[in-house]
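> predicted structure and sequence below. I'll ask about it afterward.
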Amino acid sequence: MAKKIEIFDPALCCPTGVCGPDVDPELTRISRLHLKLVKNGYHVKRYNLAQEPDPFVTHKGVNELLEKEGPDALPAVVVDGKLAFYNRYPTMEEFSEWLGLDKEELQTKEPEKKINLL
C-alpha cells in the first residue's frame, strides 16, 4: 500500500525553485516529481514554511525538529505521520520504495526548451 508522504520545505518564495537567478535543480526535480505523483493520485503533500506555517507547528516531529535544529534543518520528510529524515529531499529510490513503484515510473520529462535566465 502506498504511503502518505509530506515534505516540509524551508521558506521559499515559490515551490519550483525558479524564483531568481540561481535555480536549484533539486527543487525543480522535487517540484516536477511532486506534481506528477499528485496527478497520478498519490498522497504526496508539500508545505512551504513561508506560506503555510501551520503544519510546521501542528506536526509534533517537525515542530520538535525546528525547536532543536532551527529552520536550517529543512527540508524535512514525514512518511505515514513519522519524521523519516531531514536536511534533504527524498531520492527516487526512496519514493519508489514508499509508493511501490518502479523507478522508471517516477522519471519526469525534462523540458524540451531550456530557458537561460542569465
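Received the coordinates, thanks.

> the chain: strands as residue ranges?
5-9, 44-48, 76-79, 82-86 (DSSP state E).

> distance from the last one to the middle of the chain?
Read that as strand 82-86. 12 Å (Cα atoms, centre = their mean, to the nearest Å).

> which residues sit against that strand?
Gly61, Val62, Leu65, Glu69, Ala73, Leu74, Pro75, Ala76, Val77, Val78 (Cβ atoms under 8 Å, 6 or more residues apart in numbering). The way it works is simple: take the backbone N, C-alpha and C, and place the C-beta from them, glycine included.

> in ChimeraX, how would I select just the buried ones from the residues you listed?
A single ChimeraX command selects the buried members of those (16 or more other Cβ atoms under 10 Å):
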select :62,65,74,75,76,77,78
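
> show me what the helix or strand bottoming out on mean pLDDT in the chain is packed against.
One helix or strand of the chain scores below all others by mean pLDDT, DSSP states H and E: helix 103-106, with a mean of 78. Applying 3 or more Cβ pairs under 8 Å, 6 or more residues apart in numbering; DSSP states H and E, one finds that helix 103-106 makes contact with helix 25-39, helix 92-99.

> among those helices, which is nearest Ala2?
When those are compared by Cβ to Cβ, helix 92-99 sits nearest Ala2, at 4.8 Å.

> just the endpoints, please. Distance across stretch 76-86?
4 Å (Cα to Cα, to the nearest Å).

> over to stretch 37-56?
22 Å.

> how far off centre is that stretch?
8 Å.

> ok, residues contacting that stretch?
Contacts of stretch 37-56 (Cβ under 8 Å, 6+ apart): 2-13, 15, 30, 34, 62-63, 66, 71, 74, 95, 99, 106.

> please consider this matter closed, and thank you.
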